[in-house]
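Colleague: sequence unavailable; structure follows:
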């Protein structure tokens with residue numbers, strides 16, 4: 001009966017059944033053709049949009065085969081947003097180079113997702129299924145097309161995202177009221193916490209003003225205005241009642257600085273009325289709650305004040321505070337309407353010490369210092385680790401980045417530098433000699449195996465649990481922050497717990513992680529991240545070196561003490577998708593990342609996301625590619641990356657940029 005059922009529903013061609021030729025007797029290629037014939041029965045063509053694309057989407061291919069997926073370097077690429085029919089057609093035709101015209105049924109399009117050919121993403125489609133048949137059918141269709149049609153086809157590029165209003169981050173708020181009114185109280189520290197979106201606090205989609213934040217703005221504005229008037233200075237006059245000239249001059253001048261643009265006549269009138277009712281304090285309080293103070297807009301959104309909008313963008317990106325008088329004057333004169341003027345002022349801003357604080361802000365958000373400085377470790381296992389050490393780890397990373405940025409070093413040394421900046425406490429945790437000066441630059445001794453950020457606690461300790469390492473977290477950190485590759489979250493309901501450590505069978509973390517690889521639902525992603533993190537197992541959860549993994553096996557017998565076992569470590573690691581990426585130490589991996597285009601481009605992408613307040617899209621690829629080339633040709637000078645990004649996003653027309661240099 002089972003054989004009859006298989007015969008009845010099998011895609012085996014009728015001729016084969018009539019001749020008594022069983023399915024097992026067919027060659028693999030013949031059977032695939034038979035399956036294709038069944039799928040194509042009565043149809044002249046197969047539709048990529050209706051038949052193949054849904055198959056690939058259901059298999060989860062888009063999670064890796066996208067601009068920020070782990071397979072972003074492959075031919076198969078899905079749009080980052082929901083594709084339209086034209087884009088879907090473009091995807092289908094772009095797969096022509098994956099097809100072997102002589103044997104389309106053996107092409108990678110079907111062989112990879114079925115794991116007939118090794119596939120880093122694991123088995124996504126069952127061999128012998130109708131889904132595989134659809135892929136083979138499309139391969140045969142592409143094989144029948146002229147090669148040029150698929151090779152030269154490209155899906156239409158979408159328009160760039162709409163311009164947006166950018167709310168001041170809490171740090172920008174504090175800096176702005178400091179420069180505007182001399183207020184040094186950092187009022188934003190009392191505001192509700194900001195949300196990290198896409199890894200940063202600058203993202204537009206996370207910058208709405210909640211009722212709680214609006215209330216905090218109101219309370220801060222009242223307090224700041226009252227204190228400013230009491231202190232005097234900052235251009236705040238003591239106008240007598242009826243002195244309209246004094247009042248109007250103050251309102252116009254202060255509003256121009258607070259709004260970063262000339263105020264309109266109606267704004268001046270309203271603020272003058274408030275001044276008459278409650279003096280300068282009430283007018284200042286109103287301005288500090290205005291959307292024109294709390295937000296700044298992109299030049300493309302500003303209708304009559306594009307130069308001023310550009311001045312705000314330059315200042316908040318490169319100084320993390322409001323434009324100074326020179327920048328506002330440049331906006332008024334039209335100097336910022338040219339690429340030459342923008343680059344001139346960008347370089348002027350970078351020459352100021354204020355730019356150092358702005359770069360620190362980017363590095364701190366990218367490396368998530370907010371998590372680092374509150375790290376906790378089990379005191380029994382890591383007695384030297386405390387809050388001061390955690391804060392020193394963040395300072396170590398800040399100084400490494402700052403040294404490269406402001407000394408015009410190759411920024412890719414952020415991953416491979418053979419030195420660091422240590423204080424005594426940090427050196428003790430790392431097992432390194434105490435430096436002669438606090439946070440002095442010191443070379444790593446031979447054999448330390450440390451390099452750049454990969455040898456620092458900001459990475460090693462922050463990606464570990466309180467009591468043990470987490471190779472999965474370490475691998476995920478590198479994929480997402482240093483390669484800009486998004487790894488899909490685990491499927492709902494999957495048990496991510498590792499087997500417990502037992503006295504009968506003590507296992508290293510590497511051995512326990514093999515559980516993930518035995519579960520097909522887990523293996524496709526853990527194969528991408530665990531082998532990276534396992535290369536760091538000679539560094540413990542606090543970032544200290546170790547030669548063996550020390551396990552404490554718990555006991556539930558009060559009369560027995562817990563048993564400690566030491567196991568040998570195997571620290572071979574690799575990065576799927578990057579050729580020749582086998583490594584044994586952080587120093588090895590640092591060199592690989594520094595020389596890998598994916599990592600180099602990721603630095604560009606991370607700064608783009610921070611600067612633009614959003615994720616990159618397909619429309620941004622020409623700009624990103626151009627900025628990357630400028631970055632590369634400069635010798636990976638980070639200041640040149642900053643200048644290039646400003647220039648090419650303010651003036652995306654290549655002719656305008658070239659003409660301005």
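Modeller: Nice, I can see it. No experiment lies behind these values; they were computed from the predicted model shown.
Colleague: show the subsequent helix or strand relative to the helix or strand where residue 527 lies.
Modeller: Using DSSP states H and E, residue 527 sits in helix 520-533. As assigned by DSSP H and E, the chain's next helix or strand after helix 520-533 is strand 548-553.
Colleague: that following strand pairs with which strands?
Modeller: Using DSSP bridges, strand 548-553 pairs in its sheet with strand 563-568 (antiparallel).
Colleague: now the partner strand: buried residues?
Modeller: Within strand 563-568, no residue qualifies as buried by neighbour count (16 or more other C-beta atoms under 10 Å). No exception for glycine: its C-beta is placed from N, CA and C like everyone else's.
Colleague: following it, which helix or strand shows up next?
Modeller: Using DSSP H and E, the helix or strand that follows strand 563-568 in sequence is helix 586-594.
Colleague: and the angle for that next one with helix 520-533?
Modeller: 110 degrees (axes from the mean of the first three to the mean of the last three C-alpha atoms, to 10 degrees).
Colleague: and helix 586-594, what other elements does it pack with?
Modeller: Other helices and strands packing on helix 586-594, by 3 or more C-beta pairs under 8 Å, 6 or more residues apart in numbering; DSSP states H and E, are helix 413-416.
Colleague: mind redoing it with 10 Å?
Modeller: helix 413-416, helix 597-612 (3 or more C-beta pairs under 10 Å, 6 or more residues apart in numbering; DSSP states H and E).
Colleague: ok and that helix relative to helix 597-612, angle-wise?
Modeller: Going by the same axes, to 10 degrees, helix 586-594 makes 70 degrees with helix 597-612.
Colleague: quick one: distance of helix 586-594 to the chain centre.
Modeller: 19 Å (C-alpha atoms, centre = their mean, to the nearest Å).
Colleague: quick check: chain neighbours aside, which residue is closest to residue 626?
Modeller: Among residues not flanking residue 626 along the chain, residue 648 sits closest, at 5.4 Å (C-beta to C-beta, 6 or more residues apart in numbering).
Colleague: host element of the one you found?
Modeller: Assigned by DSSP H and E, residue 648 falls in helix 638-650.
Colleague: other SSEs contacting that helix?
Modeller: If you count contacts as 3+ C-beta pairs under 10 Å, 6+ apart, helix 638-650 packs onto helix 306-318, helix 339-350, helix 354-366, helix 387-406, helix 597-612, helix 621-633, helix 654-659.
Colleague: looking at those, which is buried most?
Modeller: Ranked by average neighbour count under the criterion mean count of other C-beta atoms under 10 Å, the helices and strands packed on helix 638-650 are headed by helix 306-318 at a mean of 24.
Colleague: show me what counts as buried in the following helix or strand past that helix.
Modeller: Next helix or strand after helix 306-318 toward the C-terminus (DSSP H and E): helix 325-333. By 16+ other C-beta under 10 Å, the buried positions in helix 325-333 come out as 327, 328, 330, 331, 332.
Colleague: chain center to the host helix or strand of residue 459: distance?
Modeller: Residue 459 belongs to helix 457-460 when assigned by DSSP H and E. Centre-to-centre, helix 457-460 and its host chain are 17 Å apart (C-alpha atoms, centre = their mean).
Colleague: residue 224 - nearest residue in space that isn't next to it in sequence?
Modeller: residue 183 (5.2 Å).
Colleague: repeat that for residue 342.
Modeller: residue 650 (5.3 Å).
Colleague: out of the helices and strands in the chain, which is least certain?
Modeller: helix 2-9 (a mean of 38; mean pLDDT, DSSP states H and E).
Colleague: quick check: residue 364 vs residue 422, distance?
Modeller: 19 Å (C-beta to C-beta, to the nearest Å).
Colleague: apologies, that question was intended for residue 252.
Modeller: 53 Å.
Colleague: where does pLDDT dip in the protein?
Modeller: 1-44, 73, 75, 147-160, 491-496, 516, 520-521, 555-560, 653-661 (pLDDT under 70).
Colleague: domain-wise, how is it divided?
Modeller: What automatic domain parsing lists as the domains of the chain is 45-152, 168-295, 366-594, 597-659.
Colleague: tabulate those (JSON lines), appending distance to residue 313.
Modeller: Output for those, formatted as JSON lines (distance: least, C-beta to C-beta, whole Å):
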{"stretch": "domain 45-152", "distance to residue 313": "24"}
{"stretch": "domain 168-295", "distance to residue 313": "10"}
{"stretch": "domain 366-594", "distance to residue 313": "20"}
{"stretch": "domain 597-659", "distance to residue 313": "8"}
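Colleague: which one of the ones you listed lies closest to residue 314?
Modeller: domain 597-659 (6.6 Å; C-beta to C-beta).
Colleague: next, the buried residues of the helix or strand following the helix holding residue 459.
Modeller: Counting by DSSP H and E, the next helix or strand C-terminal to helix 457-460 is helix 471-477. Within helix 471-477, the residues that qualify as buried are 471, 472, 474, 475, 476, 477, counting by 16+ other C-beta under 10 Å.
Colleague: got a list of contacts for helix 471-477?
Modeller: 367-368, 454, 459-460, 462-465, 470, 485, 487, 496, 498, 509-510, 512-513, 516, 525-526, 528-537, 539, 573, 575, 586 (C-beta atoms under 10 Å, 6 or more residues apart in numbering).
Colleague: next, the angle strand 548-553 makes with the helix or strand that that helix is followed by.
Modeller: The element immediately downstream of helix 471-477 (helix or strand, assigned by DSSP H and E) is helix 509-518. Relative orientation of helix 509-518 versus strand 548-553 (the same axes, to 10 degrees): 80 degrees.
Colleague: elements contacting helix 509-518?
Modeller: Counting contacts by 3+ C-beta pairs under 10 Å, 6+ apart, helix 509-518 is packed against helix 471-477, helix 520-533, strand 548-553, strand 563-568.
Colleague: which strands and helices lie in contact with the longest one?
Modeller: When you say that, I think you mean helix 520-533. Under the contact rule (3+ C-beta pairs under 10 Å, 6+ apart), helix 520-533 is packed against helix 471-477, helix 509-518.
Colleague: residues in contact with the last one?
Modeller: Read that as helix 509-518. With C-beta under 10 Å, 6+ apart as the test, helix 509-518 has contacts from 122, 468-472, 490, 494-501, 505, 507, 522-527, 529-531, 533-534, 537, 549, 551, 567, 569-572.
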